[in-house]
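S.K.: Everything below, folded, please.
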Amino acid sequence: MDSNFQTEIKYIDSETVSCSGDGFKESHPLIYLDLSSGKIATCPYCSAKFKKKI
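M.R.: Model (predicted):
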């Protein structure tokens, strides 16, 4: 299994979140993910997972 695989979900208060990697080894272009559907949004670059808090 890839050692960079993330399973932890980061819960966010807003309906959008920005992601640019972890700031160390896994940086990538800044992108914004839509959390308004209530589903988990996964960053296509680093696989970080985000969900809007209920």
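
S.K.: where does the protein dip in pLDDT?
M.R.: 1-6, 23-26 (pLDDT under 70).

S.K.: Strands along that one, start to end?
M.R.: Per DSSP state E, the chain carries strands over the ranges 9-12, 16-21, 27-34, 41-42, 49-52.

S.K.: now those as JSON lines including mean neighbour count?
M.R.: Bear in mind the C-beta positions are built from the backbone N, C-alpha and C, glycine included. Shown next, in JSON lines, are these (neighbours: other Cβ atoms under 10 Å):
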{"stretch": "strand 9-12", "mean neighbour count": "13"}
{"stretch": "strand 16-21", "mean neighbour count": "16"}
{"stretch": "strand 27-34", "mean neighbour count": "12"}
{"stretch": "strand 41-42", "mean neighbour count": "18"}
{"stretch": "strand 49-52", "mean neighbour count": "17"}
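
S.K.: residues touching Asp22, list them.
M.R.: Going by Cβ atoms under 8 Å, 6 or more residues apart in numbering, Asp22 touches 46, 48.

S.K.: distance of it from Ser36?
M.R.: Per Cβ to Cβ, to the nearest Å, Asp22 is found 24 Å from Ser36.

S.K.: what is the nearest residue to Gly38 once chain neighbours are set aside paired to in the beta sheet?
M.R.: Closest residue to Gly38 apart from its sequence neighbours, by Cβ to Cβ, 6 or more residues apart in numbering: Lys52 at 6.2 Å. Beta-bridge pairing for Lys52 (DSSP bridges): Ile12.

S.K.: And Leu33, by the same measure?
M.R.: When assigned by DSSP bridges, Leu33 has beta-bridge partners Val17.

S.K.: so it touches Phe50, yeah?
M.R.: Yes. Using Cβ atoms under 8 Å, Leu33 is in contact with Phe50, at 5.9 Å.

S.K.: hey, what's Ser27 bridged with?
M.R.: Bridge pairing for Ser27 (DSSP bridges) gives the partners Gly21.

S.K.: Correct me if wrong: Leu35 contacts Ile54.
M.R.: No. Leu35 is beyond contact range of Ile54, at 11.2 Å (criterion: Cβ under 8 Å).
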